[in-house]
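Enquirer: no sequence for this one, just the structure:
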């Protein structure tokens, strides 16, 4: 049993209030969260005790949309028009990637996730075996998302992966998904709807990221991507839409009725000039909200503090209302909403029996002082600098800048640098 | 002499390229920047050598608009409409402040500046003696900005401070300034123009932060704040406008002709829903750009990495153009533009004879890998986590999370917490 003591705890079971109490974990799960009496303490056997004075324990962040291995493209092609960025720079580089590349670049992303208090990613990319290996070796939790595109025949691969990766490791699950409407033939989308029905499973997909995407879909099918997916039955068992920037009231109504999460990616949407997702209007319409960083090619960092600040700041800006989308909403999306969007129902808060996916923030840094309101401090002032400890499935993977992920980070940097040089050649 | 070696150096003398070389400092200034030959090394006597493998040395950030002591209001009144925030929450708290409060809350801000690689602030607030003491004791550079408001009679205090604080300490200077058009009677602005003329001195002032401010100024004077100031002669010797969100082409033309810096505060302007300053249009119109955090009451953090990201991201968003306002422009504004806006002509870059105001970034963190483009890495992925060392006037004030500012940060936190409790009572 691990004992995390002398800290404030924001368990997020109801709201974002904090209380001095302890968190004990056993076998990767929360064994106790509260104020132990002397009897309990006498009977408990602790493998290790962490004294966390001046710290806050909270549920870790979950990254509900990313392409982890795209770290290799960080700062490779910024400040370019979207089409040039994608077609002239990103796609040609991606074509050269090997499975081994995916393995190393994913490990680089995992280092960055941990330094930002993130313990799980909802990842969509290629080479699933190498991706799987990078995560499991690191002790990092991931939900792999189907990324197929093309014709009806490509659905078979999706089903094969779905069966291959679910149940293979406690840290990994696999969800039905495809890249996007604009890279899928109608027949493929029909097949995916059939898989959703067959497995009574949610489907996750890029949705309404750009105005162009929505406009062209309407021109082609007479429907927005959301309405199209719904008409096919793709969302019959819920799922997630990645980005959801250009969203109509009808789209929101479908998301609410079908229990589909809107996964917002404000860093990426800003940097690529895609627009501002209407999060306030989504909330008013009963849409559930999660948040992701997107890949490092478009963001360029994998930093949940940035995303939370942008979630609220961009709502305030776009609505001209300083009261819009309070900090707590961003915090709940990053910790709880994202977990639920990924199907990680046991990772959303700190309570007995839940997964021990925790984040310890150091409050004794100037950006966290004074403690007028800790939840607002985290969203408006928080940074990676405050991440004292990141705990995934009861294992401390990151502590005071040191990684415990069965790998040396210098070796990861060296491998990535070497491969980048070759890929760029 | 101090020797900083084995690092990449971005001297920013021309652009943002990097090169392996050394930086030597003596008596607070850069003594050498280059690749020393064996003769030079034989003759040099180093007091201390810093081995900075995997690091980047660059000019430090300068914070060209802030109210340092407002740290006490961090997270005290967020997510409220602007008027309620200011009149019901901020002003009543400010009224209770003592000089001793300003001293401690300023020290808290200095800790945060240093952790973000900032070595100088352009500060506008009350109780200049206590503010002065907090900075000088810490070894932190500051340019105090006049903050008078009210009637013509108040100009005398401004002149008194101008004479009292200039030349008193090498780390401190004082610039003519006043709060804003909307808190100054016409007579006060006339007096300030007279002081500008008398001392051939630039004037710095809040300018066009909100649409309401501009609208009401036009209603009252038939001119925008910028045109009004210009018509009075306030900008005859240059200066700075803080915020400049709602800016006409005529305003830009005046700024260009009068050599007035536009100091953008994108974090604050987002959080308070004030709008997006038209930085791209300013650049096209030849306006010089600097950047500031504003105070912690409105931002809420004092983090130049956030400001740089927002500078470029918000231009991209507002113009719908992913190529707008490249990362390098934000970096130059934070390092050089802000220094020049504050009159710190010797603090803008790394070259022999310049002030040794330096920032050392640790590139061996995952958010800085791979090194496809270091300037873009800093702006798009950089965070306080990368700040290895902050050097002001040749003194290392912050290194690997440890402060050397003649004070214990725990004591600063305790004083601030104690006073916050009283002020909120």
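Expert: Ah, there it is. In this text the structure is predicted, and so the values were computed from the model without any measurement.
Enquirer: all contacts plus neighbour counts: C-alpha atoms, from now on.
Expert: Fine.
Enquirer: quick one, phi/psi of the spatially most central residue of chain A?
Expert: Centroid-nearest residue in chain A, with Cα atoms, centre = their mean: residue A:63, separated by 1.3 Å. Dihedral pair for residue A:63: phi -100, psi 100, per degrees, to the nearest 10.
Enquirer: Would you agree it is in contact with residue A:292?
Expert: Yes: applying Cα atoms under 8 Å, one finds residue A:63 in contact with residue A:292, separated by 4.7 Å.
Enquirer: name the element the closest residue to chain B within the stretch 301-425 of chain A belongs to?
Expert: At 4.0 Å from chain B, residue A:323 is the closest residue in the stretch 301-425 of chain A, using Cα to the nearest Cα. Using DSSP states H and E, residue A:323 sits in no helix or strand.
Enquirer: And it, how far from residue B:245?
Expert: Remark: distance between residue A:323 and residue B:245 (Cα to Cα, to the nearest Å) = 19 Å.
Enquirer: Which one's more surrounded, these two?
Expert: A count of neighbours by other Cα atoms under 10 Å in any protein chain shown puts residue B:245 above the other of residue A:323 and residue B:245, at 24 against 21.
Enquirer: Next up, the contacts around that one.
Expert: B:208, B:209, B:210, B:264, B:269, B:274, B:275, B:276, B:277, B:278 (Cα atoms under 8 Å, 6 or more residues apart in numbering or on different chains).
Enquirer: Looking at these, which are in strands?
Expert: Taking DSSP state E, the ones among the contacts of residue B:245 that sit in strands are residue B:264.
Enquirer: Can you lay out the contacts of residue B:245 as TSV showing neighbour count?
Expert: Shown next, in TSV, are the contacts of residue B:245 (neighbours: other Cα atoms under 10 Å in any protein chain shown):
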residue	neighbour count
B:208	27
B:209	24
B:210	18
B:264	30
B:269	26
B:274	25
B:275	25
B:276	25
B:277	25
B:278	20
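Enquirer: What about chain A: which of the contacts of residue B:245 touch it?
Expert: With Cα under 8 Å from any Cα of the partner chain as the criterion, these include B:269, B:274, B:275, B:276 near chain A.
Enquirer: Contacts only, for residue A:270.
Expert: By Cα under 8 Å, 6+ apart, the contact list for residue A:270 reads A:276, B:313, B:314, B:316, B:317.
Enquirer: Now for residue A:20, how many residues are close by?
Expert: Other residues within reach of residue A:20 by the criterion other Cα under 10 Å amount to 14.
Enquirer: Remind me which helix or strand the closest residue to it other than its chain neighbours belongs to.
Expert: Leaving aside its chain neighbours, residue A:20 sits nearest to residue A:8 (4.4 Å; criterion: Cα to Cα, 6 or more residues apart in numbering or on different chains). Using DSSP H and E, the element containing residue A:8 is strand A:2-9.
Enquirer: Just checking: what are the partner strands of that strand?
Expert: When sheet partners are counted by DSSP bridges, strand A:2-9 sits next to strand A:19-26 (antiparallel), strand A:48-51 (parallel), strand A:55-59 (parallel).
Enquirer: and among the ones you listed, the most buried is which?
Expert: Looking across the strands paired with strand A:2-9 with neighbours counted as mean count of other Cα atoms under 10 Å in any protein chain shown, the highest average goes to strand A:55-59: a mean of 25.
Enquirer: The stretch 251-400 of chain A: strands as residue ranges?
Expert: Ranges of strands within the stretch 251-400 of chain A are A:260-264, A:289-291, A:358-362, A:387-392, A:395-399, based on DSSP state E, counting those that start in this stretch.
Enquirer: tell me what the fourth one is packed against?
Expert: Using 3 or more Cα pairs under 8 Å, 6 or more residues apart in numbering or on different chains; DSSP states H and E as the contact criterion, the secondary-structure elements in contact with strand A:387-392 are helix A:99-115, strand A:118-123, strand A:358-362, strand A:395-399.
Enquirer: quick check: angle from it to strand A:358-362?
Expert: 170 degrees (axes from the mean of the first three to the mean of the last three Cα atoms, to 10 degrees).
Enquirer: what residues does the stretch 101-250 of chain A put near chain B?
Expert: A:108, A:109, A:111, A:112.
Enquirer: Mark which of those residues are buried, thanks.
Expert: A:108, A:109, A:111, A:112 (16 or more other Cα atoms under 10 Å in any protein chain shown).
Enquirer: how about a markdown table for these, with pLDDT added?
Expert: Below are those laid out as a markdown table (pLDDT from 0 to 100):
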| residue | pLDDT |
| --- | --- |
| A:108 | 98 |
| A:109 | 98 |
| A:111 | 98 |
| A:112 | 98 |
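Enquirer: Kindly reformat those residues as CSV and extend each row with distance to residue A:423.
Expert: Formatted as CSV, these follow (distance: Cα to Cα, whole Å):
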residue, distance to residue A:423
A:108, 16
A:109, 18
A:111, 22
A:112, 22
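Enquirer: one step back: so what sits against both of residue A:63 and residue A:292?
Expert: A:304, A:334, A:338.
Enquirer: which one of those residues has the most neighbours?
Expert: When neighbours are counted by other Cα under 10 Å, residue A:338 leads the shared contacts of residue A:63 and residue A:292 with 33 neighbours.
Enquirer: Excluding chain neighbours, what is closest to that residue?
Expert: Nearest residue to residue A:338, sequence neighbours excluded (Cα to Cα, 6+ apart): residue A:290, at 4.3 Å.
Enquirer: OK, contacts around the one you found?
Expert: Counting by Cα under 8 Å, 6+ apart, residue A:290 touches A:64, A:261, A:262, A:263, A:264, A:333, A:334, A:336, A:337, A:338, A:339, A:341.
Enquirer: 6 Å instead, please
Expert: A:263, A:333, A:337, A:338 (Cα atoms under 6 Å, 6 or more residues apart in numbering or on different chains).
Enquirer: and if you look at residue A:183?
Expert: Residue A:183 neighbours (Cα under 6 Å, 6+ apart): residue A:149.
Enquirer: and which of the buried ones among the residues of the stretch 101-250 of chain A next to chain B is nearest to chain B?
Expert: Nearest to chain B out of these is residue A:112 (Cα to the nearest Cα; 5.2 Å).
Enquirer: For residue A:369, see how far away the closest one is.
Expert: In this structure, residue A:112 lies at 25 Å from residue A:369, with Cα to Cα as the measure.
Enquirer: Around chain B, pick out the residues from the stretch 251-400 of chain A.
Expert: By the rule Cα under 6 Å from any Cα of the partner chain, the part of the stretch 251-400 of chain A lying against chain B is A:270-273, A:300-301, A:313, A:316-317, A:320-323, A:326, A:366, A:370, A:372-373, A:376-377, A:380-381, A:384-385.
Enquirer: Please convert the buried members of these into PyMOL selection syntax.
Expert: Here is the PyMOL command that picks out the buried ones among these, judged by 16+ other Cα under 10 Å:
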select buried, chain A and resi 270+271+272+273+300+301+313+316+317+320+321+322+323+326+366+370+372+373+376+377+380+381+384+385
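Enquirer: thinking again about what came up before, how about the shared contacts of residue A:63 and residue A:292 in CSV, adding pLDDT?
Expert: What follows is the shared contacts of residue A:63 and residue A:292, written out as CSV (pLDDT from 0 to 100):
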residue, pLDDT
A:304, 98
A:334, 98
A:338, 98
